[in-house]
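this is the structure alone, sequence omitted:
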Ligand SMILES: NC(=O)c1ccc[n+]([C@@H]2O[C@H](COP(=O)([O-])OP(=O)(O)OC[C@H]3O[C@@H](n4cnc5c(N)ncnc54)[C@H](OP(=O)(O)O)[C@@H]3O)[C@@H](O)[C@H]2O)c1
């Protein structure tokens, strides 16, 4: 994206800028940076705060030191006669850099998109296939690579969403590598965990509950949590549940595949969870990015539903025949999976400003709408 000269000239007020129209944003920012002192920039930003969201100010601001950034942020956030309504955390988000690990994934891509929309300078990583918003290649199994990316990108916050459910080294070791690298340079970490760390014996779990996983993925997530909390005690560790809502989740894809017969299997009527909308979860992660919350936080929607009924909601939303979904039960399947796991979210409700919608609400809101790319 380009910062036009006219915007830059207006933004910078008294500062003299080049009038060449062929400069890239980087060159323009470098030129502007040389000519501006932070006082002038702060004055300009106060006047131009509304424009901050539409231009790449984070790029400009990321080139100045953190103390100057904070003073500018405070300066902009100060209430004005006109009442901009911009909070300090919003302004800080606009000036800071966030690294989303796993930004080609379902949750990671929405988190990176929302971060950019909120004014963060967002950098995303991919493992196998890059996207425009995820252009840093990273394998979290390689601790040196994790350290190198974090030292080079120099983020203010890392949100770790990368996953390969079948690979212990990604799920468990990868989480530990990210925690070690962020702790070493004092960077805030928001780590994504799962209700899979529980067996379901207790049914309801608050943040103080200790993991008792019954299968390999859950054990890997629990191992990652343990490492993160030991190595980086200031990190936020978000336990969540089935992620869906925009049509791009793995559960939505599986429902379609079962209905079309592309895959064989069944949705379990005795697998009970509290699904969360991907956007609500991404919003919660970004709130935690600018908070100093430490430790576990449960973040799910309020509605309890079994996996088969969830498939029915997905099918109805997309105009597919729910009768074609094969139903099954964990009991009798020979699989060792948690049955009834409900994360309590009282703490998230009191702590976060984002409203975590229930699955019935958000599925009804998109009823009849097939997601892009699907009939
Ligand atoms: N999906 C759910 O319902 C659910 C429920 C509870 C918790 N969670 C947790 O939520 C998080 C996000 O899940 P998701 O479903 O959004 O994940 P996802 O869509 O499967 O995305 C996985 C991401 O991880 C990246 N990745 C894979 N292997 C990697 C490696 N070795 N090194 C670095 N990156 C690697 C992928 O990159 P490429 O695409 O480039 O290969 C992709 O960006 C995970 O921590 C998961 O355990 C998910």
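On my side now, so go ahead. Since we're looking at a predicted model, the values are computed, not measured.

give me the pLDDT for the spatially most central residue of the chain.
Geometric centre of the chain, nearest residue: residue 111, 3.3 Å, by C-alpha atoms, centre = their mean. The model reports residue 111 with a pLDDT of 98.

buried residues in the helix or strand harbouring it, which are they?
Per DSSP states H and E: residue 111 is located in helix 106-117. For helix 106-117, a neighbour-count test (16 or more other C-beta atoms under 10 Å) marks 106, 107, 108, 109, 110, 111, 112, 113, 114, 115, 116 as buried. Just so you know, the C-beta spots here come from the backbone N, C-alpha and C atoms, and that holds for glycine as well.

the last one and the ligand, how far apart?
It stands for residue 116. Distance of residue 116 to the ligand, given as C-beta to the nearest ligand atom, to the nearest Å: 16 Å.

if I pick residue 209, what's in contact with it?
198, 202 (C-beta atoms under 8 Å, 6 or more residues apart in numbering).

from residue 128, how far off is it?
34 Å (C-beta to C-beta, to the nearest Å).

for residue 361, same thing?
In terms of C-beta to C-beta, residue 361 sits 34 Å off from residue 128.

likewise for residue 137?
9 Å.

model confidence score at the closest residue to the ligand within the chain, please.
Nearest residue of the chain to the ligand (C-beta to the nearest ligand atom) works out as residue 105 at 2.1 Å. Per-residue confidence at residue 105 stands at 98 (pLDDT).

just to check, it is in contact with residue 160?
No - using C-beta atoms under 8 Å, residue 105 is not in contact with residue 160, being 11.0 Å away.

more crowded one of the two?
When residue 105 and residue 160 are compared on other C-beta atoms under 10 Å, the one with more neighbours turns out to be residue 160, at 30 against 24.

phi, psi for the more buried one please.
Per-residue torsions, residue 160: phi -100, psi 110 (degrees, to the nearest 10).

and it, what does it touch?
Contacts of residue 160 (C-beta under 8 Å, 6+ apart): 101, 102, 140, 174, 175, 178, 189, 190, 191, 192.

partners of it in the sheet?
In this entry, residue 160 is beta-bridged to residue 101, residue 191, by DSSP bridges.

any idea how far it is from residue 238?
Relative to residue 238, and taking C-beta to C-beta, residue 160 is found at 10 Å.

which neighbours do those two share?
Counting by C-beta under 8 Å, 6+ apart, the common neighbours of residue 160 and residue 238 are 190, 191, 192.

got the residues of this structure near the ligand?
102, 104-108, 126-129, 138-141, 161-164, 170, 174, 192, 194, 240-243, 250 (C-beta under 6 Å from any ligand atom).

just the ones of the residues you listed in strands?
126, 192, 194, 240, 243 (DSSP state E).

what's the closest non-adjacent residue to the fourth one?
So that's residue 240. Of all residues not flanking residue 240 in the chain, residue 299 sits nearest, at 5.1 Å (C-beta to C-beta, 6 or more residues apart in numbering).

with that, I have no additional questions.
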